[in-house]
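Asks: Sequence plus the predicted model coming up.
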Amino acid sequence: ISVSSVVNEFSNVTLFCLANGKPEPTITWKHISPSARDFTSEGEYLEIYGITRNQAGVYECLANNDVSVADTRTVRITVNYPPAIKEIKSPGMVLGKVGLLRCEAFAVPAAAFEWYKGDKRLASGRQGIHIKNFNTRSILTVTNITEDHYGNYTCVAANKLGTSSASHFLHMPSKEQYGINDGAEVILSWW
């Protein structure tokens with residue numbers, strides 16, 4: 001059987017599975033990953049033209065000649081693809097409070113994240129900003145929001161196949177947003 005391999009998205013892949021027996025066994029291929037669509041193919045060779053990320057996973061080769069128990073082998077195909085940012089969002093940022101921005105991106109290999117405010121790259125540990133990167137997301141936390149923290153933030157996700165970016169403008173909540181007139185007082189509470 002073919003060895004497990006890593007390929008770039010949209011490349012062509014040929015898997016092979018050779019089996020001997022009397023009578024000659026029939027070879028059947030199946031994609032057995034959780035995301036797999038119902039798929040089977042017969043023959044020693046399985047050719048996938050322009051493989052996509054949805055076709056990544058485990059393929060099973062089954063050799064059967066109806067004389068004995070079928071023999072099964074598997075091979076894993078990893079499909080690399082460039083980052084695609086799924087979303088960048090913030091639940092809102094209020095002066096003097098803790099706020100956060102979250103950026104989520106999918107990529108193989110995993111993306112490296114960077115944050116910018118305007119055209120200036122942000123570093124964790126400066127100006128009350130902390131950045132934590134995970135496999136598919138990055139979280140920018142501001143510990144004590146000041147007016148200087150409002151503005152345009154850009155999340156950049158990159159791997160060896162490409163780069164993706166998305167921006168989110170953080171603006172100071174206005175009194176008009178809450179229907180507040182001068183001299184009026186509003187009390188918000190949550191139960």
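Replies: Thanks, I have it.
Asks: make it CA atoms for all contacts and neighbour counts henceforth
Replies: OK.
Asks: buried set for the biggest strand by length in the chain?
Replies: Using DSSP state E, we find that the single longest strand of the chain is strand 71-89. Under the neighbour-count criterion of 16 or more other C-alpha atoms under 10 Å, strand 71-89 has 74-85, 88-89 buried.
Asks: can you tell me the helix or strand for the closest residue to Phe169 other than its chain neighbours?
Replies: Residue nearest to Phe169 in three dimensions, not counting chain neighbours: Asn152, with 4.2 Å by C-alpha to C-alpha, 6 or more residues apart in numbering. Using DSSP states H and E, Asn152 maps to strand 151-159.
Asks: list the contacts for Gly99?
Replies: Contacts for Gly99 (C-alpha atoms under 8 Å, 6 or more residues apart in numbering) come out as Ser90, Pro91, Gly92, Met93, Thr141, Val142, Thr143, Asn144, Ile145.
Asks: Identify the bridge partners of it.
Replies: In this structure, Gly99 bridges to Val142 when assessed by DSSP bridges.
Asks: And it, how close does it get to Thr146?
Replies: The spacing between Gly99 and Thr146, counted by C-alpha to C-alpha, to the nearest Å, is 11 Å.
Asks: do the same with Ile131
Replies: For Ile131, the distance to Thr146 (C-alpha to C-alpha) stands at 17 Å.
Asks: Neighbour count: these two, which is higher?
Replies: A direct count of neighbours by other C-alpha atoms under 10 Å for Ile131 and Thr146 places Ile131 higher, at 19 against 16.
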